[in-house]
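K.L.:
sequence unknown, structure follows:
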């Protein structure tokens with residue numbers, strides 16, 4: 001639990017770590033993980049994407065994404081195909097198995113979001129979003 005004399009940066013870092021760990025635990029319980037959820041969510045919301053577009057959408061470097069996609073492809077959750085006009089570009093597509101896992105992960109993520117919102121009304125959630133957005137802006141380098 002946070003102490004009143006903790007700096008805001010320590011408080012936010014601790015909350016982020018704890019919430020992230022709890023969220024990943026929820027996703028692992030249904031056969032996924034946070035990185036897997038991020039990839040499948042981006043693919044499901046944006047249709048067919050190039051590997052570069054996907055990396056930008058989820059905020060990771062391409063080598064990190066390649067590592068995740070290798071595992072997802074081995075598991076039969078995505079396919080990658082080289083683009084005819086530019087062999088360096090790979091299009092990533094979710095398979096039927098990947099879509100089924102995405103749906104399980106989406107239900108788990110939604111349920112977890114409900115847990116986070118417990119005791120908060122819509123105004124509280126809006127204020128929290130606004131405040132966190134402001135803190136994120138303040139954290140950006142000058």
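P.N.:
Perfect, thanks for sending it. As the structure is a prediction and not an experimental result, all values here were calculated from the model. Numbering: from 1, shown residues only.
K.L.:
quick one: low-confidence ranges for the chain?
P.N.:
1-5, 47-48, 87 (pLDDT under 70).
K.L.:
So which residues of it form helices?
P.N.:
Using DSSP state H, the helices of the chain run over 8-29, 34-46, 51-58, 62-74, 96-117, 122-139.
K.L.:
among those helices, which is nearest residue 80?
P.N.:
Closest approach to residue 80 among the helices of the chain (C-beta to C-beta): helix 62-74, 6.1 Å. (Glycine included, C-beta is placed from N, CA and C.)
K.L.:
Let's check: the centremost residue of the chain is which one?
P.N.:
In the chain, the C-alpha nearest the mean C-alpha coordinate belongs to residue 38, at 3.2 Å (C-alpha atoms, centre = their mean).
K.L.:
pretty sure that residue contacts residue 58?
P.N.:
Yes. Using C-beta atoms under 8 Å, residue 38 makes contact with residue 58 at a distance of 4.5 Å.
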